[in-house]
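Enquirer: Got a predicted structure plus its sequence, pasted below:
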Amino acid sequence: SYLGARAVVEAVKGLYHNETSDGPKIYFCGNTISPTALNDIIKLTKGKRFSINVISKSGTTTETALAFRVLRKLLEDSVGVEEANKRIYATTDRAKGTLKQLATEQGWPTFVVPDDVGGRYSVLTAVGLLPIACAGIDIDELMQGAADGLKKFGQCSIDNDAYRYAMTRNILYRKGKSVETLACFEPDFTMMNEWYKQLFGESEGKDQKGLMPTSCIFSTDLHSMGQFLQDGSRIMFETYVDVKHTREDFFIEELEGNFDGLNFLANQNMSVVNRKAMEGTILAHTDGGVPLGLIEVDSLSAHDVGELIYFFWRACAVSGYLLSVNPFDQPGVESYKKNMFALLGKPGYEEEAEKLRAWDMASHEYKEVTPMLKLIVGTKGSGKTKTMIDMIDKATKTTSGNIVVIEKCMKLTTEINHAARLVDVDEYGVVGADMLYGFVAGVLAGNYDITELFIDGILRIIDHDMAASNIEVVVTVSADAAELPEDLKKYVI
């Protein structure tokens, strides 16, 4: 997952690190299917020297593979294939997968995605460490912080803050709270909030269980979510991440004339004001009946962020087990992918696509799908034509559109209801399946009100898709049903 790497980079270096830093600019893409987002990345690369770190265990993850396809071609068109291969780095499976095979063929340097580590737990593997290092962050310091977190939060003790946090979450959950809001008064913590939501959402949201993880950055969100948190439904509790020492500070000077009335804030650091805002918010929400917890972090240095990552990992695992769910899998994530692939027509998803076509969005139920192409099959003299005549008669009484019957030799003139239009193909010199297809297409193109089309006595029309419209087509075929090709049997009535 890109979230862990981006969260660390922005927490340590700042939201605007690409604009304020002299080092490499780090941009994350391949995490959305938005064409606008991809085009924005393409615009950023114009006139710039750039490299690509493609991260995918299989190499076929839709968002990642699509973006990589585009950016790789962009790079190759810019500097040539040989030079492009020197600027592509693959983080993928150790031995198998499409991306691993391609990387080996092209000679790209590779880094390993561990077999037993899910995306939300991968930030301290090569998945996260490579982009974090490229951003100029000391990854040794980051890993030391995580190691210190292991020593601190890996002990089975009632004084273990990670366990106490996990326990508190579950107690509140069992008391009817269904939402946790992680809040911080540092905007640089924004993506850490997003990573937290992925971590706990994917780990706990199973078997109709789990707290819904949400997040806020205060004081910004006090002007939006503040009202709900203060006076809305009592379904949530808050957990504040209190950053004791900010990366930078700002001294507020007095303003001559005090036109904005803010001189009462002067002669102190802005961090003091921010802390008072946090304390005032905590008091207000507590008075409003919101249960509230506090996670204290000394700073957002690489070391402290590493320790915080391990804290959340440990707490999440324990919290999941307290819920009696596996915190290390994510079976529900695959459901939307299957539907998306089926709707997009990916090979191998035909059965799912057929099922989705039967889904009624209004009733939220599966409806029986009636084939638009129907075959009346039987040997000569088995009553095929009589069956069709009955269907035509019924259609004239129920349909609101026009009915057309196509046959040879006008044998049905006295047999069918006069409300149906009878057409003899012999009058138009129609011979063979191709001419019949063109003839039928012309009939349909000339009358958009046709809702039912019957064809009697025509055997070979199977090379064309007569079901690609909203018109019901019924055909009689002189053949034994058992001898029909498998792909036609589903149309037999």
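Expert: Arrived safely.
Enquirer: which residues touch the residue located most distally from the centre of the chain?
Expert: Of all residues in the chain, T414 has its C-alpha farthest from the mean position, at 59.5 Å, by Cα atoms, centre = their mean. Counting by Cβ atoms under 8 Å, 6 or more residues apart in numbering, T414 makes contact with nothing. Any C-beta I mention is one placed from the backbone N, CA and C, and that applies to glycine too.
Enquirer: Do you know the pLDDT at it?
Expert: According to the prediction, T414 has pLDDT 83.
Enquirer: tell me the SS of it?
Expert: coil (DSSP: H, G, I helix; E, B strand; the rest coil).
Enquirer: how far away is it from L422?
Expert: As judged by Cβ to Cβ, to the nearest Å, T414 and L422 stand 10 Å apart.
Enquirer: With V127 instead?
Expert: V127 is 69 Å from L422, where distance means Cβ to Cβ.
Enquirer: now do V112
Expert: Separation of V112 from L422 (Cβ to Cβ): 72 Å.
Enquirer: Comparing the two, which shows the higher neighbour count?
Expert: When V112 and L422 are compared for neighbours, L422 comes out ahead with 19 against 15, by other Cβ atoms under 10 Å.
Enquirer: these two touch, right, the more buried one and I416?
Expert: Yes. Contact criterion Cβ atoms under 8 Å: L422 and I416 qualify, at 6.5 Å.
Enquirer: Find residues that contact each of these two.
Expert: Shared contacts of L422 and I416, defined by Cβ under 8 Å, 6+ apart, comprise V405.
Enquirer: could you pull out the helices for the stretch 201-350 of the chain?
Expert: Taking DSSP state H, counting those that start in this stretch, the helices of the stretch 201-350 of the chain run over residues 226-231, 270-287, 302-322, 333-344, 350-357.
Enquirer: For the ones you listed, give me a markdown table that also has mean neighbour count and distance to G257.
Expert: Output for the helices of the stretch 201-350 of the chain, formatted as a markdown table (neighbours: other Cβ atoms under 10 Å; distance: least, Cβ to Cβ, whole Å):
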| stretch | mean neighbour count | distance to G257 |
| --- | --- | --- |
| helix 226-231 | 14 | 31 |
| helix 270-287 | 15 | 20 |
| helix 302-322 | 22 | 41 |
| helix 333-344 | 13 | 58 |
| helix 350-357 | 13 | 66 |
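Enquirer: can you give me the mean pLDDT across stretch 400-410?
Expert: Stretch 400-410 comes out at a mean pLDDT of 87.
Enquirer: who's in contact with it?
Expert: Outside stretch 400-410, the residues that touch it by Cβ under 8 Å, 6+ apart are 392, 395-396, 412, 416, 419-426, 439-440, 443, 447, 449-458.
Enquirer: Going by neighbour count, which of these are buried?
Expert: 392, 395, 412, 416, 420, 422-425, 439-440, 443, 450-458 (16 or more other Cβ atoms under 10 Å).
Enquirer: Pull up the gap between P109 and F200, please.
Expert: Applying Cβ to Cβ to P109 and F200 gives a distance of 34 Å.
Enquirer: can you pull the contacts of G226?
Expert: Counting by Cβ under 8 Å, 6+ apart, G226 has contacts 218, 281.
Enquirer: Helices of the stretch 1-150 of the chain, residue ranges please.
Expert: 2-13, 17-20, 35-45, 62-79, 81-85, 98-106, 126-134, 139-153.
Enquirer: Include mean neighbour count when you put those into CSV, please.
Expert: CSV is the format used below for the helices of the stretch 1-150 of the chain (neighbours: other Cβ atoms under 10 Å):
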stretch, mean neighbour count
helix 2-13, 25
helix 17-20, 13
helix 35-45, 13
helix 62-79, 17
helix 81-85, 14
helix 98-106, 17
helix 126-134, 22
helix 139-153, 17
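Enquirer: of all these, which lies closest to V241?
Expert: Nearest to V241 among those is helix 2-13 (10.2 Å), distances taken as Cβ to Cβ.
Enquirer: before we move on, the earlier item: turn the helices of the stretch 201-350 of the chain into TSV, columns for distance to A65 and mean pLDDT.
Expert: TSV is the format used below for the helices of the stretch 201-350 of the chain (distance: least, Cβ to Cβ, whole Å; pLDDT from 0 to 100):
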stretch	distance to A65	mean pLDDT
helix 226-231	39	93
helix 270-287	42	96
helix 302-322	28	97
helix 333-344	13	82
helix 350-357	20	77
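Enquirer: Next, format those helices as JSON lines and append distance to L15.
Expert: JSON lines is the format used below for those (distance: least, Cβ to Cβ, whole Å):
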{"stretch": "helix 226-231", "distance to L15": "21"}
{"stretch": "helix 270-287", "distance to L15": "16"}
{"stretch": "helix 302-322", "distance to L15": "15"}
{"stretch": "helix 333-344", "distance to L15": "28"}
{"stretch": "helix 350-357", "distance to L15": "40"}
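Enquirer: can you tell which of those is closest to V8?
Expert: The closest of the helices of the stretch 201-350 of the chain to V8 is helix 302-322. By Cβ to Cβ, the value is 5.7 Å.
Enquirer: For the closest one, name the packing helices and strands.
Expert: Contact partners of helix 302-322 among helices and strands, from 3 or more Cβ pairs under 8 Å, 6 or more residues apart in numbering; DSSP states H and E: helix 2-13, helix 139-153, helix 161-174, helix 190-204, strand 292-299.
Enquirer: Strand partners (parallel or antiparallel) of the helix or strand that the third one is followed by?
Expert: Read it as helix 161-174. Going down the chain from helix 161-174, the next helix or strand is strand 179-184, by DSSP states H and E. Sheet pairing of strand 179-184 (DSSP bridges) gives strand 212-217 (parallel), strand 236-245 (parallel).
Enquirer: how about these in a markdown table, adding mean pLDDT and distance to I493?
Expert: Output for those, formatted as a markdown table (pLDDT from 0 to 100; distance: least, Cβ to Cβ, whole Å):
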| stretch | mean pLDDT | distance to I493 |
| --- | --- | --- |
| strand 212-217 | 96 | 49 |
| strand 236-245 | 96 | 56 |
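Enquirer: Including mean neighbour count and distance to G47, could these go into a markdown table?
Expert: Output for the strands paired with strand 179-184, formatted as a markdown table (neighbours: other Cβ under 10 Å; distance: least, Cβ to Cβ, whole Å):
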| stretch | mean neighbour count | distance to G47 |
| --- | --- | --- |
| strand 212-217 | 20 | 33 |
| strand 236-245 | 19 | 38 |
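Enquirer: These: which one's closest to E483?
Expert: strand 212-217 (57.8 Å).
Enquirer: now the closest one against helix 270-287, angle please.
Expert: With axes from the mean of the first three to the mean of the last three Cα atoms, to 10 degrees applied, the angle from strand 212-217 to helix 270-287 works out at 140 degrees.
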